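Participant: pasting the sequence and the predicted model now:
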Amino acid sequence: MNRVPSSVWRNPVHFLAFGFGSGAAPWAPGTFGTLAAVPLWYLLAQLPLATYLALVLAAFALGCWLCQRTADDIGVHDHGGIVWDEFVGYWITMIAAPVTPLWALIGFVLFRIFDIVKPWPIRWADRHVKGGLGIMLDDLIAGVFAALCLQGLRLLI
């Protein structure tokens, strides 16, 4: 596991890339990062869908820059503690999801499964796309897969 750089607590860019510090968890930083995204999703979910989508798109674009800058500064590509990508991936998962604790949990589990298992094309993106876009892209795809599953479950239930 990569050591958490002290700059996370001093540098606002690193602090955001590390998910407001949630990525500094001693184990499973991606899971802790996703957990930290849940209350922010609840706030985003109160907005009209078009606004939600615009903010998620902006968070993705910002994340490409945040993650690249942080990775360059600390000298580790896709450090495990960089979890802004998990935030955005979870928010993608939860597009148009019911705003209830049960659906928040289902979305959380689905996103974590896709983010950890990384079926194709998630694994391909993770291995072949570099830089900030590469850090963000695999979680974007995992979020899309998880969102499709979540919406499929909604139809079944």
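Facilitator: Nice, I can see it.
Participant: for the residue nearest the centre of the chain, give its distance to residue 14.
Facilitator: Nearest to the mean C-alpha position of the chain, counting by CA atoms, centre = their mean, stands residue 86 at 1.5 Å. As judged by CB to CB, to the nearest Å, residue 86 and residue 14 stand 16 Å apart. (Each C-beta comes from the backbone N, C-alpha and C, glycine too.)
Participant: could you measure from residue 137 over to residue 154?
Facilitator: Residue 137 sits at a distance of 26 Å from residue 154 (criterion: CB to CB).
Participant: who's in contact with stretch 65-77?
Facilitator: Residues from elsewhere that reach stretch 65-77, judged by CB atoms under 8 Å, 6 or more residues apart in numbering: 2, 5, 7, 11, 13-14, 16-18, 78-79, 82, 84-85, 130-136.
Participant: and what of stretch 118-127?
Facilitator: Under the contact criterion CB under 8 Å, 6+ apart, stretch 118-127 has outside partners 114, 115, 134, 137, 138, 141, 142, 145.
Participant: pLDDT at the closest residue to the last one other than its chain neighbours, what is it?
Facilitator: So that's residue 145. Among residues not flanking residue 145 along the chain, residue 114 sits closest, at 4.8 Å (CB to CB, 6 or more residues apart in numbering). Listed pLDDT for residue 114 reads 98.
Participant: pull the number of nearby residues for residue 114.
Facilitator: Using other CB atoms under 10 Å, residue 114 has 24 other residues around it.
Participant: OK, contacts around it?
Facilitator: Going by CB under 8 Å, 6+ apart, residue 114 touches 122, 141, 142, 143, 145, 146.
Participant: by pLDDT, give me the weakest of these.
Facilitator: Lowest pLDDT within these is found at residue 122 (95).
Participant: and it, how far from residue 13?
Facilitator: To residue 13, residue 122 is 26 Å away according to CB to CB.
Participant: of the contacts of residue 114, which belong to helices?
Facilitator: Judged by DSSP state H, these include 122, 141, 142, 143, 145, 146 as members of helices.
Participant: the last one touches residue 111, doesn't it?
Facilitator: Yes: with contacts defined as CB atoms under 8 Å, residue 146 counts as touching residue 111 at a distance of 4.3 Å.
Participant: need the overlap of contacts for the two.
Facilitator: When contacts are counted by CB under 8 Å, 6+ apart, residue 146 and residue 111 are jointly contacted by 89, 93.
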